[in-house]
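Undergrad: The amino acid sequence is not available; the structure is as follows:
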């Protein structure tokens, strides 16, 4: 591209901004590129900060992906750190910046806003104390690390049960602290459905992390934190990780349009309502690829891709950003939780006739050593069979399945497509039918009514409103470990000899260990004249995560 020495100004030097600068240079050797960064560091690995605190990453320098000097040497990009943009004069195409030596006017032909967001810190007594922290920048990380090294705290409270909160819970636990996570919502990881957030909570508690939900901090004192319910927690340090607010002060003052979701409004070329100003990253709203509505998805992957596209278009290109799926993954000790697309709740809230299937399978064949159970849930549209989203949790193979589902979502694949997708198989890596295939089978069985299913949560509601009976077909050994007192228990291997015990005038909900024997037993009932039945998808392994089932975990 020939920019005729076009002046490209980028405000914000992390993720989207740094990516955009490098992309501009690759496209045009002669463009004048300047990055203004409010902080001291540019192009650092902010997603890696918790892993320095945990000491998984030993060298601080590994988080500094690029320096101002390195940017100039490699890309001839002029990086201005400790330089805060305080005003955009759109009519003159000038940015007023506050530097270490005073105020300066910086001209541009095209401007990219990539300012990201800022951590939300609630306005409560004690929030500015020396033992209160956030984790967003290198200086934040340095301050936490120094405090741990010098003050030797033994107890910590983390406020917020999202990505950073969970990562820091593990990090501080690794540094020897007793950790309490306080989440105002009814569950940790609100980006996942209740049963998967409960799996994550159970994993945290299994490693000694205390988790409090449905509560929030009221006050912070020198050695305690008071919650809204009046209870108190002893603590030596407090970390806030309750969310990120898009940085929009500059954009609003410049008269740029803000979207309904609260992010900066851009079109599919990432251009604002000013044709010379583009934006990328956590500060903008984007299209959710599943339901088509505008949302905020503050994740590093989308931010980097947006920076690449915006850079291209700033030089006269015509690349389109089609939105994001919100694919994400989090490490919780030896476990992994991941999701993509819509949760069951989000699908229903968006108006879809959502179906659900659960699969609980080993991540590779069970006869090969070290197989680990994987919990997988997919959400689909019953009318079109289109995949809508997926979640997974386990010790191995989790992100692999979510990446497959994310690819399927990108291609708008149906359950039929998923059932036939050809994934690599060998005993150390997979089963002949991947859990993704199996989840599609379960969904297709439901849609075709070959084996109609209900989720454990749906069954609770159905029985309460309309009656019915749970037929527990688990083995005696399985049933004895977690008995279901209100159920009729007939092991699957005995069902043909005990059909007279199963009522025909009630709806039958088949309950097995993982859903499979429920499916096979349903076929026996169907062949013998029963016509009111549902298989409980996921069986006991799904139902145990719903509190009202009162089953052992």
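TA: Arrived safely. These figures come from a predicted structure and were not determined experimentally.

Undergrad: Quick check: closest non-adjacent residue to residue 151.
TA: Closest residue to residue 151 apart from its sequence neighbours, by C-beta to C-beta, 6 or more residues apart in numbering: residue 236 at 7.1 Å. No exception for glycine: its C-beta is placed from N, CA and C like everyone else's.

Undergrad: wouldn't that neighbour be in contact with residue 156 here?
TA: Yes. Look at residue 236 against residue 156 with C-beta atoms under 8 Å: they come within range, at 6.7 Å.

Undergrad: Same drill for those two, tell me which one is more crowded.
TA: Neighbour count, other C-beta atoms under 10 Å: between residue 236 and residue 156, residue 156 has more, with 26 against 19.

Undergrad: any idea how far that one is from residue 119?
TA: Note on residue 156: its distance to residue 119, by C-beta to C-beta, to the nearest Å, is 17 Å.

Undergrad: do residue 61 as well
TA: 24 Å.

Undergrad: Tell me which of those two has more neighbours.
TA: Taking neighbours as other C-beta under 10 Å, residue 61 and residue 119 compare with residue 119 leading, 19 against 7.

Undergrad: separation between the closest residue to that one other than its chain neighbours and residue 53?
TA: Sequence neighbours aside, residue 134 is the residue nearest to residue 119 in space, at 4.4 Å (criterion: C-beta to C-beta, 6+ apart). Applying C-beta to C-beta, the value for residue 134 to residue 53 is 13 Å.

Undergrad: any idea how far residue 492 is from the residue nearest to residue 490 when sequence neighbours are not counted?
TA: Counting by C-beta to C-beta, 6+ apart, residue 490 lies nearest to residue 498, which is 5.1 Å off, once chain neighbours are set aside. According to C-beta to C-beta, residue 498 and residue 492 sit 11 Å apart.

Undergrad: do the same with residue 267
TA: If you go by C-beta to C-beta, the gap between residue 267 and residue 492 works out to 57 Å.

Undergrad: residues near the nearest residue to residue 42 once chain neighbours are set aside, how many?
TA: Using C-beta to C-beta, 6+ apart and skipping residues adjacent in sequence, the residue nearest residue 42 is residue 13, 3.6 Å away. Around residue 13 there are 30 other residues, counting by other C-beta under 10 Å.

Undergrad: so residue 13 sits in a helix?
TA: No. Assignment of residue 13 by DSSP: H, G, I helix; E, B strand; the rest coil gives coil, placing it outside any helix.

Undergrad: Mind pulling up the pLDDT for it?
TA: Per-residue pLDDT puts residue 13 at 91.

Undergrad: I figured it was touching residue 43, is that so?
TA: Yes. Counting by C-beta under 8 Å, residue 13 does reach residue 43; the two are 6.0 Å apart.

Undergrad: who touches both of residue 236 and residue 156?
TA: residue 177 (C-beta atoms under 8 Å, 6 or more residues apart in numbering).

Undergrad: check contacts around the closest residue to residue 381 other than its chain neighbours.
TA: Leaving aside its sequence neighbours, residue 381 sits nearest to residue 352 (C-beta to C-beta, 6+ apart; 5.1 Å). Residues near residue 352 by C-beta under 8 Å, 6+ apart: 291, 342, 381, 388.

Undergrad: Distance of the closest residue to the second one other than its chain neighbours relative to residue 134?
TA: What that stands for is residue 342. Closest residue in space to residue 342, ignoring its immediate chain neighbours: residue 389 at 3.9 Å, by C-beta to C-beta, 6+ apart. From residue 389 across to residue 134, the span is 30 Å (C-beta to C-beta).

Undergrad: what about the two, which has more around it?
TA: The neighbour count for residue 389 versus residue 134, taken as other C-beta under 10 Å, is higher for residue 389 (28 against 20).

Undergrad: Quick check: the more buried one touching residue 350?
TA: No. With contact defined as C-beta under 8 Å, residue 389 does not reach residue 350; the gap is 10.4 Å.

Undergrad: what touches both of these two?
TA: Common neighbours of residue 389 and residue 350, counting by C-beta under 8 Å, 6+ apart, are 290, 342.

Undergrad: ranges for the helices of the stretch 351-500 of the chain?
TA: In the stretch 351-500 of the chain, the helices defined using DSSP state H, counting those that start in this stretch lie at 398-410, 415-420, 435-447, 456-466, 476-481.

Undergrad: give me the element residue 278 is part of.
TA: For residue 278, the enclosing helix or strand under DSSP states H and E is strand 277-279.

Undergrad: Quick check: neighbours of the helix or strand just after that strand in the sheet, parallel or antiparallel?
TA: Following strand 277-279 in sequence order, the next helix or strand is strand 286-287 (DSSP H and E). Sheet pairing for strand 286-287, assigned by DSSP bridges, gives strand 294-295 (antiparallel).

Undergrad: and residue 219, helix, strand or coil?
TA: Of the three states, residue 219 takes strand according to three-state DSSP.

Undergrad: can you give me the end-to-end distance of stretch 162-181?
TA: 10 Å (C-alpha to C-alpha, to the nearest Å).

Undergrad: Now it: buried residues?
TA: 162-175, 177-181 (16 or more other C-beta atoms under 10 Å).

Undergrad: now do stretch 488-496
TA: 488-492, 495.

Undergrad: Which of those sits closest to residue 251?
TA: Minimum distance to residue 251 across these is 61.1 Å, recorded for residue 492 (C-beta to C-beta).

Undergrad: State the distance from the closest one to residue 540.
TA: Counting by C-beta to C-beta - residue 492 and residue 540 are separated by 13 Å.

Undergrad: what residue lies at the spatial centre of the chain?
TA: For the chain, the residue sitting closest to the mean C-alpha position, by C-alpha atoms, centre = their mean, is residue 328 at 3.9 Å.

Undergrad: could you list every residue that touches that residue?
TA: Residues in contact with residue 328 (C-beta under 8 Å, 6+ apart) are 163, 191, 299, 338-340.

Undergrad: Could you tell me which of those belong to helices?
TA: residue 163 (DSSP state H).

Undergrad: when you check the contacts of residue 328 against the strands, which ones overlap?
TA: In strands, defined here by DSSP state E, the members of the contacts of residue 328 are 338-340.

Undergrad: For these, give me CSV that also has neighbour count, distance to residue 469 and pLDDT.
TA: Below are the ones in strands among the contacts of residue 328 laid out as CSV (neighbours: other C-beta atoms under 10 Å; distance: C-beta to C-beta, whole Å; pLDDT from 0 to 100):
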residue, neighbour count, distance to residue 469, pLDDT
338, 24, 36, 98
339, 27, 34, 98
340, 27, 36, 98
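
Undergrad: Looking at these, spot the one nearest residue 508.
TA: For those, the closest approach to residue 508 (C-beta to C-beta) belongs to residue 339, at 32.1 Å.

Undergrad: Quick check: the gap between the residue nearest to the closest one when sequence neighbours are not counted and residue 119.
TA: Spatially, and ignoring its direct neighbours in sequence, residue 339 is nearest to residue 391 (4.3 Å; C-beta to C-beta, 6+ apart). Remark: distance between residue 391 and residue 119 (C-beta to C-beta) = 26 Å.

Undergrad: which among the contacts of residue 352 end up buried?
TA: Buried among these (16+ other C-beta under 10 Å): 291, 342, 381, 388.

Undergrad: contacting residues for the second one?
TA: When you say that, I think you mean residue 342. 288, 290-291, 350, 352, 354, 379, 388-389.

Undergrad: what pairs with residue 220 across the strands?
TA: Assessed by DSSP bridges, residue 220 has beta-bridge partners residue 225.

Undergrad: That one - how many residues pack around it?
TA: For residue 220, using other C-beta under 10 Å, the count is 22.
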